[in-house]
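Visitor: need coordinates for the below:
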Amino acid sequence: MNSPPRLDALLRPRVPSPLREVHDERFARHGVGLFLKRDDLIHPDLPGNKWRKLALNLEAAAGRTLLTFGGAYSNHLRATAAAGRLLGFPTVGVVRGDELAHRPLNPSLARCAADGMRLHFVDRTTYRAKASPEVLEGLLSLFGDVEVIPEGGSNALAAQGCTALGRELAGACDVAAVACGTGGTLAGLAA
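Guide: Predicted coordinates for the structure are as follows:
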């Protein structure tokens, strides 16, 4: 991925990530080779599609507070919190489920908090409306001048960051399968 030089220098991602063959007789007997793209090795705190989806968003934020969304076990929230810690800027995680606000933090949210992320719990109805002008205005009034990144980090910059995945796989395989949640990685791969 051609990420911004500043981020490459500060975070030193391992890109392109290695492509490793999985030896499995069940595939081999049918003439199928199975390879795994080891994006989990890109960065210990921003692994896989999280690096690819966040890199251009981090550059666009230019050190401003990042505000993003996720559930109680969100890998995206963890990666965003880690990026804030590593790069020295504030992060806010809007967490689905206000019932969690007064409970002990699970390991994912505890890691976010340890990395300096301010956790803001909202009820599930508000969370479903997170992209509405009313909810966004309310968040901006609470947190001020922030860079808003959608749930899972999926936006146009994320898809652009994930296009490198397709370039890295070009000629290496006939078929690529990708697990996806919010679709940003798939959009970038398809591009």
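Visitor: gap between the closest residue to residue 144 other than its chain neighbours and residue 109?
Guide: Distances taken as Cβ to Cβ, 6 or more residues apart in numbering put residue 65 closest to residue 144, at 7.3 Å, once the chain neighbours are dropped. Glycine gets a C-beta too; all of them are placed from N, C-alpha and C. Separation of residue 65 from residue 109 (Cβ to Cβ, to the nearest Å): 18 Å.
Visitor: compare these two (neighbour count), which wins?
Guide: Using other Cβ atoms under 10 Å as the criterion, residue 65 and residue 109 rank with residue 109 on top: 25 against 17.
Visitor: so where does the more buried one fall, helix or strand?
Guide: helix 107-114 (DSSP states H and E).
Visitor: shaky segments in this structure?
Guide: Within the chain, the segments meeting pLDDT under 70 span 1-5, 180-191.
Visitor: and for this structure, the residue most distant from the center?
Guide: residue 29 (36.7 Å; Cα atoms, centre = their mean).
Visitor: ok, that one to residue 175 distance?
Guide: In this view, residue 29 and residue 175 are 18 Å apart by Cβ to Cβ.
Visitor: spatially central residue for this protein, please.
Guide: Centre-nearest of the chain using Cα atoms, centre = their mean is residue 50, 3.2 Å out.
Visitor: in terms of helices and strands, where is residue 69?
Guide: Under the criterion of DSSP H and E, residue 69 resides in strand 65-70.
Visitor: against which helices or strands is that strand packed?
Guide: Helices and strands touching strand 65-70, as assessed by 3 or more Cβ pairs under 8 Å, 6 or more residues apart in numbering; DSSP states H and E, comprise helix 75-87, strand 91-96, helix 133-143, strand 146-148.
Visitor: mind putting the ones you listed into JSON lines with distance to residue 119 and mean neighbour count?
Guide: Below are the helices and strands packed on strand 65-70 laid out as JSON lines (distance: least, Cβ to Cβ, whole Å; neighbours: other Cβ atoms under 10 Å):
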{"stretch": "helix 75-87", "distance to residue 119": "8", "mean neighbour count": "23"}
{"stretch": "strand 91-96", "distance to residue 119": "5", "mean neighbour count": "23"}
{"stretch": "helix 133-143", "distance to residue 119": "12", "mean neighbour count": "13"}
{"stretch": "strand 146-148", "distance to residue 119": "15", "mean neighbour count": "19"}
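Visitor: who wins for proximity to residue 61 among the ones you listed?
Guide: Closest to residue 61 of those is strand 146-148 (Cβ to Cβ; 3.8 Å).
Visitor: which other helices and strands contact that closest one?
Guide: Secondary elements touching strand 146-148 (3+ Cβ pairs under 8 Å, 6+ apart): helix 49-61, strand 65-70, helix 133-143.
Visitor: as CSV, the ones you listed with distance to residue 100 would be great.
Guide: As requested, the helices and strands packed on strand 146-148 are exported to CSV (distance: least, Cβ to Cβ, whole Å):
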stretch, distance to residue 100
helix 49-61, 22
strand 65-70, 12
helix 133-143, 18
